[in-house]
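In: Here you go, sequence then predicted model.
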Protein chains: 2
Amino acid sequence: MALGKDYATQECSIARALEVVGERWTLLVVRDALYGVRRYNDFLVHLGIPRAVLSARLRTLTEEGILEKRRYQEAPPRDEYVVTDRGAALWPVLRALGQWGRDHVDASRLRIFRHADCGGTVESYGMCDACGTLVPVSDVVMVPGPELDSAPADPVSRALLRPKRLLEPLETDPGQHVD
Amino acid sequence: MALGKDYATQECSIARALEVVGERWTLLVVRDALYGVRRYNDFLVHLGIPRAVLSARLRTLTEEGILEKRRYQEAPPRDEYVVTDRGAALWPVLRALGQWGRDHVDASRLRIFRHADCGGTVESYGMCDACGTLVPVSDVVMVPGPELDSAPADPVSRALLRPKRLLEPLETDPGQHVD
DNA sequence: CACCGTAGGTTCGTTCATTGAACCAATTGC
DNA sequence: GCAATTGGTTCAATGAACGAACCTACGGTG
């Protein structure tokens, strides 16, 4: 099957990477997973992705070892999807894409990433502009930027308005749902 | 049109970027353009991409200001596609993807990127491991790694076997074509 | 016990994108 | 006059994405 994921003729690690994470929606699922989203329904409402596509992406990301599916309660059976180290290693890719998007598509500052240890800003390549170190994902705190919608419709976006350390599970607020 | 390129609900510069360069083949076309490929036929044989898709990608990349189409001879009319600054700014994205591909998909060293000024290796985020500076794309020299096929079928891959400064036009060798 | 709500999916018909093969056009070299 | 080169377009077939509907398993409420 020449269509879809494989770039047969390419002898290149960029092509290898894109075969795994280059499909539509895949990198946005990984982004949400790094932001702490873990549950099927949270991905669903936050991404606005068709259910069938989300199921397919979660399955292949799990097979590829980027997410790990694990049961967090037995009755009723409920699973969550957690990023692995391999998934967390995609952070520089997402950082680079976000930087390019901000610089060359849309200048607004939607989210700001801070180094938890020193308070500096994590810029282009995942480096802290204050202390100059390469900040691991787990030491990054995401805070809303000035131009982020302050009253979004879905509960996941609302939960992401609070300062949030990456990788830690997101706690949605089921209390204030909208009709 | 909800299908295809837009991620309507996403308020995120990663999604903005993916709307522009997230389609199938697009980032590989940009990669080739950074490697110095400029002509329709060179993209075609090197990527193994369907002609209709290549035409579509070259058109949208030109419209987005990532490539610039320009006439290099009048009779017969011939155009080439050259990366703009906006396109060159995607270098960190490609570097990050390539790094992840090498680290987490396929461990082989296919290409090595060297800093022209100091001879160091350009690693993960486009930084030189010897002098520590962020190397601009135009100062990067690509050399074949030990595991790259040393006798590829298409002339573009053969031309890319020679050490090659990025962004500079690729000179294919029309002499030794294969049947 | 009937019924609703929630979480996590699958199924299915329609629409859109990708593919590969064929065709087209302008010009140079023989 | 004829083939080759370069840079495309067109078209039928196939695959992927979309959105709506449906399904399962449980818990809570009246």
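Out: Sure, I can see it.

In: Quick check: the gap between the most centrally placed residue in chain A and DNA strand C.
Out: Centroid check for chain A by Cα atoms, centre = their mean gives residue A:31 as the closest residue, at 1.3 Å. Residue A:31 is 18 Å from DNA strand C, where distance means Cβ to the nearest atom of the strand, to the nearest Å. No exception for glycine: its C-beta is placed from N, CA and C like everyone else's.

In: and the helix or strand containing that residue, what does it pack onto?
Out: Taking DSSP states H and E as the definition, residue A:31 sits inside helix A:26-34. When contacts are defined as 3 or more Cβ pairs under 8 Å, 6 or more residues apart in numbering or on different chains; DSSP states H and E, helix A:26-34 packs onto helix A:40-47, helix A:51-63, strand A:78-83, helix A:85-88, helix A:91-104, helix B:13-21.

In: quick one, which of those is nearest to residue A:12?
Out: Of all the helices and strands packed on helix A:26-34, it is helix A:91-104 that lies closest to residue A:12, at 15.3 Å by Cβ to Cβ.

In: How about the closest one, which residues are buried there?
Out: A:91-102, A:104 (16 or more other Cβ atoms under 10 Å in any protein chain shown).

In: Measure how far it is from the centre of its chain, please.
Out: In terms of Cα atoms, centre = their mean, to the nearest Å, the gap separating the centre of helix A:91-104 from the centre of its chain is 12 Å.

In: Can you list the neighbours in contact with the following helix or strand past it?
Out: Following helix A:91-104 in sequence order, the next helix or strand is strand A:111-115 (DSSP H and E). Residues outside strand A:111-115 that contact it (Cβ atoms under 8 Å, 6 or more residues apart in numbering or on different chains) are A:95, A:120-122, A:128, A:130-131, A:133, A:135, A:139-145, A:148, B:12.

In: continuing past strand A:111-115, what's the next helix or strand?
Out: strand A:140-144.

In: Can you name every helix or strand that that next one contacts?
Out: Using 3+ Cβ pairs under 8 Å, 6+ apart, strand A:140-144 is in contact with strand A:111-115, strand A:164-165.

In: Show me which positions of it end up buried.
Out: Those buried within strand A:140-144 under the rule 16+ other Cβ under 10 Å are A:140, A:141, A:142, A:144.

In: That strand pairs with which strands, parallel or anti?
Out: Here strand A:140-144 has these sheet partners by DSSP bridges: strand A:111-115 (antiparallel), strand A:164-165 (antiparallel).

In: quick check: mean pLDDT across the helix holding residue A:31?
Out: Across helix A:26-34, the average pLDDT comes to 98.

In: from the middle of its chain, how far away would it be?
Out: Using Cα atoms, centre = their mean, the offset of helix A:26-34 from its chain centre is 3 Å.

In: what does it rub up against?
Out: Residues outside helix A:26-34 that contact it (Cβ under 8 Å, 6+ apart): A:21, A:42-43, A:46-47, A:49, A:54, A:57-58, A:60-61, A:66-67, A:81-83, A:87-88, A:90-91, A:93-94, A:97, A:137, A:166-167, B:7, B:10, B:12, B:14-15, B:18, B:22.
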